[in-house]
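K.L.:
Sharing a model that was predicted from the sequence below.
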Amino acid sequence: MTKLLRGVLVGFFVFAIGCEATSILVEAVQGPEKVEPKHVLADVPTLVMVEDPHHQLNNPGLARQVATTATHYLTFHEVLDEAVFIEPKKLVRLEAELGEKWSQTPIDEIGRLVGAEQVVYAKINYAKYHHAGTLYRPEASIDVKVINAADGKRIWPNASPMSDPDSPQPGHEVKIKDRFVSSESRYVGDSTTDDLARRLADDAGLLIARLFYQWQKDAPGSSL
């Protein structure tokens, strides 16, 4: 289909049924909308680190699952040309080695210790598991920053030059609100809090990764 014909079809449909359904028709004719990255990562060794300081995910291992999932998608989509993403297991080993010192170790130092030059750092603000009868819906908010491992300065998003070092400004917020699913759904199993938390962790990892590469929205009607 030529560009001219696509344009004529879109114009005809807009005229015929009005603007309310324009975006759906445009996607149907031209293809799903592409979303540009929020930030382009420097091509240097990069660590993805996720923390859940208030245990919102109900399982300390799920923060690592978020990081592992994000690292997988970033690697799969070749976000870095020459450099590599640090393997999540290196971070696990470092945490074990540091022991009680782990919680007092700055993020930039952790990055340097595993060989990273920048850190994609995400913190779980909250995670909730709404339910209504047999329907369940996970929801979460995650704060994401990119930090220079050499000096600890924030690379992205930009912080105000007048910010208080003792009260750091928040990063980029990622919000997750999954669709309601039935307790009988094959995607949820018994719909325990652990089931929902694992699903939420996978979704969180994907959405964190998508901040750094171009991706394409689902086609209209694909979820039906």
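P.N.:
It's in.
K.L.:
When you work out contacts or count neighbours from here on, use the C-alpha atoms and nothing else.
P.N.:
Noted.
K.L.:
Buried residues in stretch 63-81, which are they?
P.N.:
By 16 or more other CA atoms under 10 Å, the buried positions in stretch 63-81 come out as 63-74, 79-80.
K.L.:
which of the residues you listed lies closest to Asp108?
P.N.:
Distance to Asp108, by CA to CA, is smallest for Ala67 among the buried residues of stretch 63-81, at 16.5 Å.
K.L.:
what helix or strand does the closest one sit in?
P.N.:
Applying DSSP states H and E as the criterion places Ala67 in helix 60-76.
K.L.:
send the alpha carbons of that helix over as CSV?
P.N.:
Output of helix 60-76 as CSV, limited to C-alpha atoms (Å, rounded to 0.1, in the frame of the first residue of the first chain):
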residue,chain,number,x,y,z
PRO,A,60,13.4,-10.2,48.7
GLY,A,61,14.3,-12.3,45.6
LEU,A,62,11.7,-10.5,43.4
ALA,A,63,13.8,-7.3,43.3
ARG,A,64,16.5,-9.4,41.7
GLN,A,65,14.0,-10.9,39.3
VAL,A,66,13.0,-7.3,38.2
ALA,A,67,16.7,-6.6,37.5
THR,A,68,17.3,-9.9,35.7
THR,A,69,14.2,-9.3,33.5
ALA,A,70,15.2,-5.8,32.7
THR,A,71,18.8,-6.9,31.9
HIS,A,72,17.4,-9.6,29.6
TYR,A,73,15.3,-7.2,27.5
LEU,A,74,18.1,-4.6,27.4
THR,A,75,20.5,-7.2,26.1
PHE,A,76,18.0,-8.7,23.7
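K.L.:
shift numbering so it begins at 419
P.N.:
Shifting the count to begin at 419 puts that one at helix 478-494.
K.L.:
For it, the averaged confidence score.
P.N.:
Average pLDDT, helix 478-494: 95.
K.L.:
and if you look at stretch 522-532?
P.N.:
Per-residue scores along stretch 522-532 average to 97.
K.L.:
and what of stretch 628-640?
P.N.:
Mean predicted confidence for stretch 628-640 is 83.
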